[in-house]
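Undergrad: return a 3D structure for these sequence lines:
(one chain, ligands or ions: 1)
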Amino acid sequence: MDCSVKIELRQPVTEQDFQLYYDLRWRILREPWTRARESGQDEHEQNAFHIMAWQDGALLVGVGRLHYNSPEEAQIRYMAVEKAYARRGIGSLILRELEANARSHGARRIVLNAREEAIPFYKTHNYQLLGQTSTLFDSLVHWRMAKEL
Ligand SMILES: CC(C)(COP(=O)(O)OP(=O)(O)OC[C@H]1O[C@@H](n2cnc3c(N)ncnc32)[C@H](O)[C@@H]1OP(=O)(O)O)[C@@H](O)C(=O)NCCC(=O)NCCS
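TA: Predicted structure coming up:
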């Protein structure tokens, strides 16, 4: 990563934070397939742990979310980094923050459903590939991955 760029992680707080947060998530993960903005949210939003990555405190460049399926099992969803900022370590910073939250709550395992192109990223972080799972928009195959904490 360019050393002059400072990335700060924080949780969204204000209504404007959440607007920017959901907007980035939607643009990266949904817009290429659907204009329906509601498709980028689910029933766990209220109780989930949300993280935003800001460049120099001013520009939102990445987001990620963790929720709990049970006290032992956390799930990561909606990881998204701005395309122009990919491969600079931002996704890794977000992922580590989500994992730290899961550990601090006593979770034993993290699961997620990865798109094919995101598998190498999660493998780098020691997630195991378990097998094919859901398909989104009739074309985006997802792969179940998991990591023991
Ligand atoms: C997947 C995603 C979150 C990764 O974020 P990122 O900031 O680009 O990832 P990082 O820079 O932290 O990558 C860390 C390491 O993971 C691996 N990696 C990441 N993206 C990769 C890719 N496309 N191909 C191969 N390896 C990859 C590399 O080992 C990389 O280290 P390196 O760049 O030093 O080689 C991001 O690319 C993204 O938002 N993709 C589109 C949306 C998406 O697929 N989200 C996941 C939904 S399941």
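
Undergrad: so what touches the helix-or-strand element of the chain with minimal mean pLDDT?
TA: Counting by mean pLDDT, DSSP states H and E, the chain has its least confident helix or strand at strand 128-136, which shows a mean of 88. Strand 128-136 has contacts (Cβ atoms under 8 Å, 6 or more residues apart in numbering) with Trp33, Asn113, Ile119, Lys123, Val141, His142, Trp143, Arg144, Met145, Ala146, Lys147. (C-beta placed from N, C-alpha, C; glycine too.)

Undergrad: please repeat the previous calculation with a cut-off of 6 Å.
TA: Here strand 128-136 makes contact (Cβ atoms under 6 Å, 6 or more residues apart in numbering) with Asn113, Val141, His142, Trp143, Arg144, Met145, Ala146.

Undergrad: from those residues, which two are the most distant?
TA: The most widely separated members of the contacts of strand 128-136 are Val141 and Ala146, with 17.3 Å between them, by Cβ to Cβ.

Undergrad: thinking again about what came up before, just checking, what packs against the helix or strand that the least confident helix or strand of the chain is followed by?
TA: Sequence-wise, the next helix or strand downstream of strand 128-136 (DSSP states H and E) is strand 140-148. Applying 3 or more Cβ pairs under 6 Å, 6 or more residues apart in numbering; DSSP states H and E, we find strand 140-148 packed against strand 109-115, strand 128-136.

Undergrad: alpha carbons only: can I get strand 140-148 in CSV?
TA: Taking C-alpha atoms only, strand 140-148 is exported to CSV below (Å, rounded to 0.1, in the frame of the first residue of the first chain):
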residue,chain,number,x,y,z
LEU,A,140,-23.3,-15.6,-9.4
VAL,A,141,-22.2,-18.9,-7.8
HIS,A,142,-21.2,-18.7,-4.2
TRP,A,143,-18.8,-20.9,-2.2
ARG,A,144,-19.2,-21.7,1.4
MET,A,145,-16.0,-21.0,3.4
ALA,A,146,-15.2,-21.2,7.1
LYS,A,147,-12.4,-20.5,9.5
GLU,A,148,-12.0,-21.9,13.1
